[in-house]
Each structure stands twice: as C-alpha cells, then as structure tokens.
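S.K.: Could you look at this predicted model? Sequence included:
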Amino acid sequence: QVQLVESGGGLVQAGGSLRLSCAASIRTFAINGMGWFRQAPGKEREFVAAISWNGVSIRYADSVKGRFTISRDNAKNTVTLQMNSLEPEDTAVYYCTADANPFRRPGISDDEYEHWGQGTQVTVSS
C-alpha cells in the first residue's frame, strides 16, 4: 500500500523558514519523480516544486524560486522542501505527491501525479 506522510508544517512569522519532509512507502520511489503542491483556503491546488527520480531535473513555481529548495534521499525514501523567506502568501496546506510514471521529467500539473499525502498546514503570519 502506497503511503506518503508529510511533516514539518507549522506557524512561522514572515521572513522565517520551515522544512517540510515527506516519508514515502513506495516500492518504486527511486524511479519516480516527486512533487509538492499547496492549496490555500478558497483557492485551487497549485504546483510548488518537483524533482526527478534521480534529482537531476528540478522545477519550481515562479512564486517560490530562490526561496524554496526541493531535495530527495532515495536511500531513505524521503523528499524535503526547504522553505526560506516565507511570506503570508505561502500560507496553505502543502501536499507531497508521487509521479504516476517512472523516469520522466517532473511535471507541474497535478494530473501527472498518482499518489498524495494528507497534507501539512503551513501558516505564515505577517
């Protein structure tokens, strides 16, 4: 059974940092791209960052470029999102997700992803 479990969310002041982690129980973790999406209240879910199966290809939403860093550890089946210089607009539930297909460039559309975690709340106060 595939399971993605996010952790590391919380409340932080603007300008602060948080580190989100996702532990994945996926047999094919090492060959699947991973991503982070977020959903703010009253808004649609949006792409944040994604990383290819080997960590070579990385993509970010324009809104987080230069502030967020995605990384993965295939030996530990984990993917991490380091978030710096947080802004109130970053407030959302953040979801970890696994690509539906292996060995491909990480996508920015949520329909390219098959497995989703339950999400972790990130709140940035002004």
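M.R.: Received, thanks. Numbering: from 1, shown residues only.

S.K.: Mind listing the strands the strand or helix carrying Asp99 pairs with, and their directions?
M.R.: Element membership of Asp99, judged by DSSP states H and E, is strand 92-102. Sheet pairing of strand 92-102 (DSSP bridges) gives strand 32-39 (antiparallel), strand 113-116 (antiparallel), strand 120-125 (antiparallel).

S.K.: residue contacts, the nearest residue to Ala49 once chain neighbours are set aside?
M.R.: Among residues not flanking Ala49 along the chain, Ile70 sits closest, at 4.1 Å (C-beta to C-beta, 6 or more residues apart in numbering). To be clear about C-beta, it is placed using only N, CA and C from the backbone, and glycine gets the same treatment. Taking C-beta atoms under 8 Å, 6 or more residues apart in numbering, we find Ile70 in contact with 34, 36, 49-51, 58, 60, 79-82.

S.K.: For Ile70, name its beta-bridge partners.
M.R.: Beta-bridge partners of Ile70, as defined by DSSP bridges: Leu81.

S.K.: Most neighbours among the contacts of Ile70, which one?
M.R.: Met34 (31 neighbours; other C-beta atoms under 10 Å).

S.K.: Can you tell me the closest non-neighbouring residue to it?
M.R.: Nearest residue to Met34, sequence neighbours excluded (C-beta to C-beta, 6+ apart): Val79, at 4.3 Å.
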